[in-house]
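*Asks:* generate a structure from the sequence data that follows.
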Amino acid sequence: MNYTQSPNFSVDAGTGHRFHDATLPIPTVWSSDDANQLIWSLMEVVLASGSAPKSFNRADPSSYGVLLTALKQLFQSRPGQVAFFGMTAAPSGWLKANGAAVSRTAYSELFAAIGTTFGIGDGATTFNLPDLRGRFPRGLDDGRGVDPGRSLGSDQGDAIRNIWGEFAAVQTGTWTSGAFTTAAGGQNGSDTGGEWRNFIRFDASRQVPTAAENRPTNVALLACIKY
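*Replies:* Numbering: from 1, shown residues only. From the prediction side, this is the model:
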């Protein structure tokens, strides 16, 4: 079956793209022609991915191998892809993204994909995986200007937006706003003399939720990288 031929297709006048006739009935019993039509459709998708030749010969068993390989390349994860999993062990074909130094030969496809972006390992036989334990990934700025000066794989420390507040002491009392508050006052001096004073306290929790670190709401998952 020649990939460039199909018995039931139309050509879009605007784009020139081929598409199958949606008015054709769906068969209840598949024939060899139906199977060939499906293969032709799959090859159209595969060709669009750029991962297979333009022809399929049903008489040549190797053509089925080409189709299967192309479909796997199109839909399977690629070396260097990072994903998160809801389990504690890395699935087959993946490694924990824990910063470990791994073999450049045993994981040659991964090494070809990421190189020493996340560390040179021993500089000769190993390289480092990204270490995403307890970390949040952030999209590479790539020239947008929102997070400038960053390179792929670079670390960034924590930071928060500025927290502000104002206070003023006047004859009638103390005025505060924002993160400042007035604490309990006391008399400065003896019981019979001296000036009354108020204490000004800075408390960021009056403005934002606080903890021992800066973080968004989150859920803990296992970060892995495909090899």
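
*Asks:* how does this structure divide into domains?
*Replies:* 9-75, 78-140+152-160+214-227, 165-206 (automatic domain parsing).

*Asks:* what's the first-to-last distance across the second one?
*Replies:* The first and final residues of domain 78-140+152-160+214-227 sit 8 Å from each other (Cα to Cα, to the nearest Å).

*Asks:* Provide the secondary structure category for A220.
*Replies:* coil (DSSP: H, G, I helix; E, B strand; the rest coil).

*Asks:* can you report how many residues lie near it?
*Replies:* 9 (other Cβ atoms under 10 Å). To be clear about C-beta, it is placed using only N, CA and C from the backbone, and glycine gets the same treatment.

*Asks:* the chain should start at 24 in everything you say after this.
*Replies:* Got it, first residue is 24 now, which makes that one A243.

*Asks:* what's the next secondary structure element after the longest helix along the chain?
*Replies:* Taking DSSP state H as the criterion, the chain has its longest helix at helix 55-72. Downstream of helix 55-72, the next assigned helix or strand under DSSP states H and E is helix 84-98.

*Asks:* buried sites along that next one?
*Replies:* Neighbour-count burial for helix 84-98 flags 86, 89-90, 93-94 (criterion: 16 or more other Cβ atoms under 10 Å).

*Asks:* which stretches of the chain have low pLDDT?
*Replies:* 24-52, 72-81, 192-197, 206-222 (pLDDT under 70).

*Asks:* which residues in it form strands?
*Replies:* Residue ranges of the strands in the chain, as given by DSSP state E, are 32-34, 41-43, 105-108, 117-119, 124-126, 149-151, 188-193, 196-201, 203-211, 218-225, 245-249.
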